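S.K.: Following is a predicted model, sequence given first.
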Amino acid sequence: MLTHAQALSALQVRGLDINRVTLYRLLDRLAACGALQRHADDDARTWRYSLADLDDGLAPRFECDACHRQFRVAEGSAPTQAAATDLLRTLAQLGHQGVRVDVAIHGTCAGCLPARGASKSQG
Ligand SMILES: [Zn+2]
């Protein structure tokens, strides 16, 4: 996984002079369309990017709206793929050509949810 700064220096080492802000937008767009996966660092101040794993079928994504961390729900891969195939078939019957199905679930991750039940002593 690369941070924005690491990606920038990797490109510059290869002789590509790209604007810092341009690269930022590019990384964000690639992440938005699913080509890259975006991960928050532990302190959630730095994004890291990695190539999206396109081979693990259609695993639904879960994104925490609080910390914007993304999780792949690999266990949901097979049923999601089946549902996607159905949807694409339905589209095809209507004359449309579906290319990509993206399943995203938004919510609050376990780390951001307030602890439930009896309060435990912390620290
Ligand atoms: Zn969270």
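M.R.: Alright, I've got the coordinates. Numbers count the residues shown, from 1 in each chain.
S.K.: middle-most residue in the chain, spatially?
M.R.: Most central in the chain under Cα atoms, centre = their mean is residue 37, positioned 4.2 Å from the mean C-alpha point.
S.K.: Downstream of the host helix or strand of that one, the next helix or strand is which one?
M.R.: Taking DSSP states H and E as the criterion, residue 37 maps to strand 36-40. Counting by DSSP H and E, the element after strand 36-40 in chain order, helix or strand, is strand 47-51.
S.K.: Let me see the mean pLDDT of stretch 70-77.
M.R.: Across stretch 70-77, pLDDT averages out at 80.
S.K.: Can you list the neighbours in contact with that stretch?
M.R.: 37-39, 53, 56-64, 103, 105, 109 (Cβ atoms under 8 Å, 6 or more residues apart in numbering). C-beta here means a position set from N, CA and C on the backbone, and glycine is covered the same way.
S.K.: give me that answer again for 10 Å
M.R.: Residues from elsewhere that reach stretch 70-77, judged by Cβ atoms under 10 Å, 6 or more residues apart in numbering: 31, 37-40, 52-53, 56-64, 80, 83, 103-105, 109-110.
S.K.: Kindly write the ChimeraX command that selects the buried subset of those.
M.R.: In ChimeraX, selecting the buried portion of the contacts of stretch 70-77, with burial taken from 16 or more other Cβ atoms under 10 Å, looks like this:
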select :31,37,38,39,52,58,59,60,61,62,63,64,80,103,109
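S.K.: Also within reach of the ion: list those from the contacts of stretch 70-77.
M.R.: 64, 109 (Cβ under 5 Å from the ion).
S.K.: Now intersect the contacts of stretch 70-77 with the helices, please.
M.R.: With helices defined by DSSP state H, the entries of those inside them are 31, 80, 83.
S.K.: Against residue 69, how distant is the closest residue to the first one other than its chain neighbours?
M.R.: The spatially closest residue to residue 31, leaving aside those adjacent along the chain, is residue 38, at 4.1 Å (Cβ to Cβ, 6 or more residues apart in numbering). Using Cβ to Cβ, to the nearest Å, we find residue 38 at a distance of 9 Å from residue 69.
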